[in-house]
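1. just need the structure, nothing else, for what follows:
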Amino acid sequence: MATKKKQATGKKNSGVVKVALLGFGTVGSSVAKVLAESKFPGIVLTHVYNRSVARKRESAAAKYVPVTAKWTENIDDVLKSDVDVVVELMGGLNPVEGWLKKALSAGKHVVTANKQLIAYRGVALQKIAAQHGVQLVYGAAVAGGVPVIPGILQGLSGDRVARLSGIVNGTCNYILSRMETGAEYATVLKDAQQLGYAEANPSADVDGYDARAKLCILSRIALHAELNPDEVATQTISTVEAIDFVYAKELNCTIRQVSRAQVDGTVVHARVAPMLIPLSSPMAWSHGTQNMVVTSGSYGGDVVFSGHGAGGEPTAVAVVSDLLAVAQGAKAVELPVRKRQVTGEFLAPHYLRFVVDDKPGIVSSIAGALAKVGANIDSLLQKPGFPKHRLPFVVTTEPCLTSVIEKAMGAISKLDCMLEKPLTLQILVPEDKSE
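-> Here you go, the predicted model:
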């Protein structure tokens, strides 16, 4: 075992903690900048790994890298070196997972912002780290510069957190908060791509996969539940339209992509989806690329974490903070984590938006389909001024199970008056329960 590689890195012996950066993109270069400008004593950047390293060495950010540091395209230059901490900022599972296994096995601490890696492989990597007396730290993997992970691990470990919800994808929050002002989805997505908030293929963000990985990480540290990300239900925001915000306002709500999880015995109810949230909720106040996470504990009640969750420098703050904690020998609280079954079922009111070619009997047909599965209508909303041949209107239901609504909507979508697939959104209220 490589426990000789010390809990407090090499600082005890040499007074210097040697650091290698894997990835010199937006976040990696920002980490180099923070280290160069802050001049933390005893922290030395000795290696930078990146593909096409010559191009990176010519970038403006290269000035923040010490002249003594080694730039390389060969990962073995890092893995076989005497660096104490590997900071991984490349993302993805392969080949990064294999590299970090080797780094941990060689007695090197690892700091990472890689949410997919931690969501899918975090438990296994944590075991390797423990076997070799080193740390795997990932405070930047969720909410960027918002210290939600260290806040939960260090500040809430004494509580019994049973539920969490949050806005953890800045791209979706930017899109939906812009749509709140009347803009259409396609227009705002294009703007987000031009600003660098969204990728050319935005699926990971808008379809919920990015937020799903983050929800699984939060569930592990807050609920002590290990979830398989592929089992967590997701719903795209791409079917939300500007008219939905008009109707949401009528209900004193807005719409955000919400990630939520709740413990119910041995089962965790988890879902990532656009949802209606009351304007009185803290999550309704989150705009642009801001992130917010709300935990609900048995003893401490609700705790809110909020701030800028995206961008190179905010994320670099979280990475460097993790690096400093490792360099100074700090150790996170560790509590038992158990594998849990996952279900997307929630007992909640639902918002149902239809676009129809208006004709007599539509509402009664919808009401009949809902009644057939035991769902009750709470309200019906129809704004004036829309043509009858393409009429949008909304039905809200009393609290019912997600699967019940989905069954009814399957039948309703087959009505010949429907011009497009109806939209189903949960309405997030404090009384929501899992079933």
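
2. domain parsing of the chain, as residue ranges.
-> Domain assignment for the chain by automatic domain parsing gives 3-137, 148-307, 347-426.

3. relative to Val319, which of these is closest?
-> Nearest of those to Val319, taken as CB to CB: domain 3-137 at 5.2 Å. The way it works is simple: take the backbone N, C-alpha and C, and place the C-beta from them, glycine included.

4. can the domains of the chain go into TSV with extra columns for distance to Ser321, mean pLDDT and mean neighbour count?
-> Below are the domains of the chain laid out as TSV (distance: least, CB to CB, whole Å; pLDDT from 0 to 100; neighbours: other CB atoms under 10 Å):
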stretch	distance to Ser321	mean pLDDT	mean neighbour count
domain 3-137	9	92	18
domain 148-307	7	95	20
domain 347-426	35	96	16
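
5. distance to Leu324 added to those, as a markdown table?
-> Below are the domains of the chain laid out as a markdown table (distance: least, CB to CB, whole Å):
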| stretch | distance to Leu324 |
| --- | --- |
| domain 3-137 | 6 |
| domain 148-307 | 11 |
| domain 347-426 | 40 |
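
6. select, out of those domains, the one closest to Pro336.
-> Closest to Pro336 of the domains of the chain, according to CB to CB: domain 148-307, at 6.4 Å.

7. quote the end-to-end distance of that closest one.
-> Domain 148-307 has an end-to-end distance of 10 Å (criterion: CA to CA, to the nearest Å).

8. again with stretch 150-167
-> OK, stretch 150-167 end separation, CA to CA: 17 Å.

9. circling back to that earlier point, Gln341: which of the domains of the chain is closest?
-> Nearest of the domains of the chain (CB to CB): domain 148-307, 4.9 Å.

10. what's the closest of the domains of the chain to Val326?
-> domain 3-137 (4.9 Å).

11. relative to Leu335, which of the domains of the chain is closest?
-> In terms of CB to CB, the element of the domains of the chain nearest to Leu335 is domain 148-307, at 5.7 Å.

12. start to end distance for stretch 152-167?
-> 16 Å.

13. just to revisit the earlier point, out of the domains of the chain, flag the one nearest Ala327.
-> Closest to Ala327 of the domains of the chain, according to CB to CB: domain 3-137, at 4.4 Å.

14. name the nearest residue to Leu381, sequence neighbours excluded.
-> Leaving aside its sequence neighbours, Leu381 sits nearest to Val394 (CB to CB, 6 or more residues apart in numbering; 4.3 Å).

15. what's near enough to touch the one you found?
-> 247, 351-354, 380-382 (CB atoms under 8 Å, 6 or more residues apart in numbering).

16. and those residues, which two are the farthest apart?
-> Spatially, the most separated pair among the contacts of Val394 is Tyr351 and Gln382, at 13.9 Å (CB to CB).

17. circling back: quick one, which of the domains of the chain gets closest to Thr315.
-> domain 3-137 (4.9 Å).

18. now name the helix or strand holding the closest residue to Lys108 other than its chain neighbours.
-> Nearest non-adjacent residue to Lys108, counting by CB to CB, 6+ apart: Val86, 5.2 Å away. Under the criterion of DSSP states H and E, Val86 resides in strand 85-88.

19. and the helix or strand following that strand, what does it pack onto?
-> In the C-terminal direction, the helix or strand that comes right after strand 85-88 (DSSP H and E) is helix 96-105. Judged by 3 or more CB pairs under 8 Å, 6 or more residues apart in numbering; DSSP states H and E, helix 96-105 is in contact with helix 76-79, strand 85-88, strand 109-112, helix 115-131.

20. rerun at 6 Å
-> Counting contacts by 3 or more CB pairs under 6 Å, 6 or more residues apart in numbering; DSSP states H and E, helix 96-105 packs against strand 109-112, helix 115-131.

21. run through who's touching that helix.
-> Helix 96-105 has contacts (CB atoms under 6 Å, 6 or more residues apart in numbering) with 75, 79, 86, 90, 110, 121, 128-129, 132, 134.

22. closest to Gly196 out of those?
-> Proximity to Gly196 was ranked across the contacts of helix 96-105 by CB to CB; first place goes to Met90, at 17.8 Å.

23. quick check: closest non-adjacent residue to the closest one.
-> Gly23 (4.0 Å).

24. now render the helices and strands packed on helix 96-105 as JSON lines, adding distance to Ala32.
-> As requested, those are exported to JSON lines (distance: least, CB to CB, whole Å):
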{"stretch": "strand 109-112", "distance to Ala32": "14"}
{"stretch": "helix 115-131", "distance to Ala32": "21"}
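
25. so how far is stretch 342-356 from its chain's centroid?
-> A distance of 21 Å separates the centroid of the chain from that of stretch 342-356, by CA atoms, centre = their mean, to the nearest Å.

26. likewise for stretch 409-428?
-> 28 Å.

27. same question for stretch 137-148.
-> Its chain's C-alpha centre lies 10 Å from the corresponding centre of stretch 137-148 when counted by CA atoms, centre = their mean.

28. give me the residues contacting the strand or helix carrying Val31.
-> Using DSSP H and E, the element containing Val31 is helix 26-38. With CB under 6 Å, 6+ apart as the test, helix 26-38 has contacts from 21, 45, 61, 64-65, 89, 312-313, 315-316, 319-320.

29. what are the bridge partners for the residue nearest to Asp159 when sequence neighbours are not counted, then?
-> Closest residue in space to Asp159, ignoring its immediate chain neighbours: Gly297 at 3.5 Å, by CB to CB, 6+ apart. Under DSSP bridges, the beta-bridge partners of Gly297 are Val161, Gly301.

30. right, and Gly297 touches Ala162 too?
-> No: proximity of Gly297 to Ala162 does not meet the contact threshold set by CB atoms under 6 Å, at 7.3 Å.

31. rounded mean pLDDT for whichever strand or helix holds Pro314, please.
-> Per DSSP H and E, Pro314 falls inside helix 312-327. Averaging pLDDT along helix 312-327 gives 95.

32. how about it as CSV, C-alpha atoms only?
-> What follows is helix 312-327, C-alpha atoms only, in CSV (Å, rounded to 0.1, in the frame of the first residue of the first chain):
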residue,chain,number,x,y,z
GLY,A,312,-14.0,29.5,-15.3
GLU,A,313,-13.1,31.7,-12.3
PRO,A,314,-16.0,30.7,-10.0
THR,A,315,-15.3,27.0,-10.7
ALA,A,316,-11.5,27.6,-10.2
VAL,A,317,-12.2,29.0,-6.8
ALA,A,318,-13.8,25.7,-5.8
VAL,A,319,-10.9,23.7,-7.3
VAL,A,320,-8.2,25.8,-5.6
SER,A,321,-10.1,25.6,-2.3
ASP,A,322,-10.1,21.8,-2.6
LEU,A,323,-6.4,21.9,-3.4
LEU,A,324,-5.6,24.0,-0.3
ALA,A,325,-7.6,21.7,1.9
VAL,A,326,-5.7,18.7,0.6
ALA,A,327,-2.4,20.5,1.0
